[in-house]
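Undergrad: got a structure for you, letters missing:
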């Protein structure tokens, strides 16, 4: 069996004139938790959409199980997506459905399981994230951390081969953040799946992942284990990993000179 689940080669992608990826290359091995790190706007969430087939590359390829996602027809793409779970950046729970119905939704839509079996599976998934007692609640009645755990349960509802987490730690208190990070690790190992964690949270991701890719300016600028990246002396890696204010990664997004934008380019300082 091929040990590589996802292979991205010479990937180029842009939103209009704004280039996101400029020949990025990376591989996601089976059974591992892999983090994709980078500053805001570096293309982390876009990469997940390319893997899921929502976007098409301008050049290069995205292969899942050895098949190019962007070459699949509609039925083949939908069949592939049934083996992918997604925890969205903001949770993405249906506000008008109960916790129970949120998790039952993909089972009802994508399988022919009986309601009796769906009931048992929903409670099993909720139990795995410690929230079996919330099944009758509505999303609006949950705390932020609880909502993230419900979203996680829904992401693994169909036991996918691949689970993708888009900024799973954003906006969480320290306790909830740690709980989610440990859940991702524990569920990955218990289910024998592959997980991709897209995040800018260095501290938590370094605790639970097997391998890390750091992307910047549209390419992978560093990769390795948590220990390897923490010990790196590369200026870009060191600035990001150690949250340094000064370094090669700028705070300001590239833009025209400030004075020019204000219409006072000819005024002297």
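TA: Perfect, I can see it now. In this text, all values refer to a predicted model and were calculated from it rather than measured experimentally. Residues are numbered from 1 along each chain as shown.
Undergrad: Other residues contacting the longest helix anywhere in the chain?
TA: Criterion DSSP state H: the longest helix present in the chain is helix 174-191. With CB atoms under 8 Å, 6 or more residues apart in numbering as the test, helix 174-191 has contacts from 31-33, 128-130, 143-145, 148-149, 152, 156, 159, 163, 165, 168-169, 172, 193-195, 197, 201, 204-205, 207-208. For glycine as for every other residue, the C-beta is placed from the backbone atoms N, C-alpha and C.
Undergrad: what are the ranges of the strands in the stretch 51-200 of the chain?
TA: Under the criterion DSSP state E, counting those that start in this stretch, strands of the stretch 51-200 of the chain are mapped to 59-64, 67-68, 84-87, 162-166, 194-199.
Undergrad: CSV for those, including mean neighbour count and mean pLDDT?
TA: Listed next are the strands of the stretch 51-200 of the chain as CSV, based on neighbours: other CB atoms under 10 Å; pLDDT from 0 to 100:
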stretch, mean neighbour count, mean pLDDT
strand 59-64, 18, 93
strand 67-68, 14, 92
strand 84-87, 22, 88
strand 162-166, 24, 91
strand 194-199, 25, 91
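Undergrad: Could you export these as CSV, including distance to residue 181?
TA: What follows is the strands of the stretch 51-200 of the chain, written out as CSV (distance: least, CB to CB, whole Å):
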stretch, distance to residue 181
strand 59-64, 25
strand 67-68, 31
strand 84-87, 12
strand 162-166, 10
strand 194-199, 9
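Undergrad: Tell me which of those lies nearest to residue 40.
TA: strand 194-199 (10.9 Å; CB to CB).
Undergrad: So, low pLDDT: which residues of the protein?
TA: Along the chain, segments meeting pLDDT under 70 span 1-2, 90-91, 250-253, 265-269.
Undergrad: Sketch out the helices for it, chain order is fine.
TA: Along the chain, counting by DSSP H, helices occupy 44-52, 74-81, 99-110, 115-128, 144-155, 174-191, 202-208, 226-230, 235-241, 258-262.
Undergrad: Using JSON lines, please lay out the ones you listed together with mean neighbour count and distance to residue 4.
TA: Formatted as JSON lines, these follow (neighbours: other CB atoms under 10 Å; distance: least, CB to CB, whole Å):
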{"stretch": "helix 44-52", "mean neighbour count": "21", "distance to residue 4": "13"}
{"stretch": "helix 74-81", "mean neighbour count": "13", "distance to residue 4": "16"}
{"stretch": "helix 99-110", "mean neighbour count": "18", "distance to residue 4": "26"}
{"stretch": "helix 115-128", "mean neighbour count": "16", "distance to residue 4": "27"}
{"stretch": "helix 144-155", "mean neighbour count": "23", "distance to residue 4": "22"}
{"stretch": "helix 174-191", "mean neighbour count": "17", "distance to residue 4": "17"}
{"stretch": "helix 202-208", "mean neighbour count": "18", "distance to residue 4": "21"}
{"stretch": "helix 226-230", "mean neighbour count": "16", "distance to residue 4": "20"}
{"stretch": "helix 235-241", "mean neighbour count": "19", "distance to residue 4": "24"}
{"stretch": "helix 258-262", "mean neighbour count": "11", "distance to residue 4": "46"}
